[in-house]
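Student: Based on what follows, work out the 3D shape:
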Amino acid sequence: MKARYNYRIYPQKNQIEPLAKAFGCARVVWNDALWLYKKASLQGQPTPKNVDKQVITQAKKTEERYWLSEVSNIVLQQSFRDLQQAWNNYFSSLKGERKGKKVGRPKFKKKHSRQAIRFRKGGFTVHSSSIKVAKIGHIPIVYSRPLPSAPSSVTIIKDTADRYFASFVVEINPEILPKTDKSVGIDLGLTHFAILSDGEKIENPRLHKKMLRRLKTANRRLSKAKKDSNRRKKRKLRLAKLHAKVKDSRNDFLHKLSTKLVRENQAIAIEDLNVSGLIKNRKLSRAISDAGWYSFRSLLDAKCEKYGRDCVVIDRWLQ
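Tutor: Model prediction:
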């Protein structure tokens, strides 16, 4: 089975600009190709062919897009393939041919949001303390755990808090844990994050609520700064770091709890909550989003599959 292994990377000063160019060029290719797809769709025409040649090969010869040749062609081609896959997934989901949650229409990428570029084999090599990527060089990396196998691809990510990550896709073998007679049912809530069938109550950390005062202050200070000023950039980064801290703390809590439950129980039963519907309640939407119910269930499903456990989803209408 495939899994992602994420690590923090620390680009050197002379690598920041090449990375920014790669992010920008990949974003432009995505947006240009998406515009051609949307234009054809609005006009009732079939999906155009050879779009990659229009937005990459031919675009490099124009005055408006000549700078596309300054970055690795692997990044540009992969950006187009990712859009192509996202577009196909959207229509497959509409027709009911794709399993799982409905997939939305691909959106245009923004300059100031999360940035990402992807490299396939041939565009990167992994070393003991760095990762070498095409036209950028060796980027220092900190391995929190060893890679289980040779990665098939790597995604270089820059988040809104100005942190850089390398996300590897690797093949792993399921780790079948020793069987146990224990099983547990989980009732998710807001007063307590979870109440287990054995009576144990898991406290809700309410991480966003604890940080809410600082977030509001940072947001208010950001709104008072002049547009495009250095002060506004600093305050925007400050706000992004606070949000990143909340997100990291929530992920840490959910990972630890899901791992504990999967290791201790052979079967886990959890209710099929309509989270997207519950969030529409304006009085509870913030608290529900803060809890991270959907992420918790996704982690349980993935870890049960990895460790050979059974995850049973109970219909919410079952009496």
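
Student: And Leu188, how far from Val262?
Tutor: As judged by Cβ to Cβ, to the nearest Å, Leu188 and Val262 stand 16 Å apart. All C-beta spots, glycine's among them, are computed from the backbone N, C-alpha and C.

Student: do Glu70 as well
Tutor: From Glu70 to Val262 the distance is 47 Å (Cβ to Cβ).

Student: between these two, which one's more packed in?
Tutor: Comparing Glu70 with Val262 by other Cβ atoms under 10 Å, the one with more neighbours is Val262, at 22 against 13.

Student: Show me what the helix or strand bottoming out on mean pLDDT in the chain is packed up against.
Tutor: When the helices and strands of the chain are compared on mean pLDDT, DSSP states H and E, helix 275-278 comes out lowest with a mean of 84. Helices and strands touching helix 275-278, by 3 or more Cβ pairs under 8 Å, 6 or more residues apart in numbering; DSSP states H and E, are helix 285-291.

Student: after the helix it packs on comes which helix or strand?
Tutor: helix 293-307 (DSSP states H and E).

Student: Report all helices and strands that that next one contacts.
Tutor: Here helix 293-307 touches helix 230-264, strand 267-271, strand 310-314, going by 3+ Cβ pairs under 8 Å, 6+ apart.

Student: Mind giving me the packing neighbours of the longest one?
Tutor: Okay, so that is helix 230-264. Helix 230-264 sits against strand 183-188, helix 207-224, helix 293-307, with contacts defined as 3+ Cβ pairs under 8 Å, 6+ apart.

Student: what is the orientation angle of it with strand 183-188?
Tutor: 150 degrees (axes from the mean of the first three to the mean of the last three Cα atoms, to 10 degrees).

Student: Quick one: mean pLDDT for helix 230-264?
Tutor: Mean per-residue pLDDT for helix 230-264: 96.

Student: Next: the second one.
Tutor: For strand 267-271, mean pLDDT rounds to 94.

Student: So, low pLDDT: which residues of this protein?
Tutor: The chain contains residues with pLDDT under 70 at 318-319.

Student: domains for it, by residue range?
Tutor: 2-171, 183-314 (automatic domain parsing).

Student: just so I have it, where are all the strands in the stretch 51-200 of the chain?
Tutor: Under the criterion DSSP state E, counting those that start in this stretch, the stretch 51-200 of the chain carries strands at the ranges 115-120, 124-126, 130-133, 137-142, 153-158, 164-171, 183-188, 192-196.

Student: could I get those as a markdown table with distance to Lys247 and mean neighbour count?
Tutor: Shown next, in a markdown table, are those (distance: least, Cβ to Cβ, whole Å; neighbours: other Cβ atoms under 10 Å):
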| stretch | distance to Lys247 | mean neighbour count |
| --- | --- | --- |
| strand 115-120 | 16 | 21 |
| strand 124-126 | 26 | 17 |
| strand 130-133 | 24 | 19 |
| strand 137-142 | 19 | 15 |
| strand 153-158 | 13 | 20 |
| strand 164-171 | 13 | 17 |
| strand 183-188 | 19 | 17 |
| strand 192-196 | 16 | 17 |
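
Student: got those as CSV, with distance to Lys21 columns?
Tutor: Shown next, in CSV, are these (distance: least, Cβ to Cβ, whole Å):
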stretch, distance to Lys21
strand 115-120, 10
strand 124-126, 17
strand 130-133, 13
strand 137-142, 13
strand 153-158, 12
strand 164-171, 15
strand 183-188, 44
strand 192-196, 43
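
Student: looking at those, which is closest to Tyr307?
Tutor: With Cβ to Cβ, the closest approach to Tyr307 among the strands of the stretch 51-200 of the chain belongs to strand 183-188: 14.4 Å.
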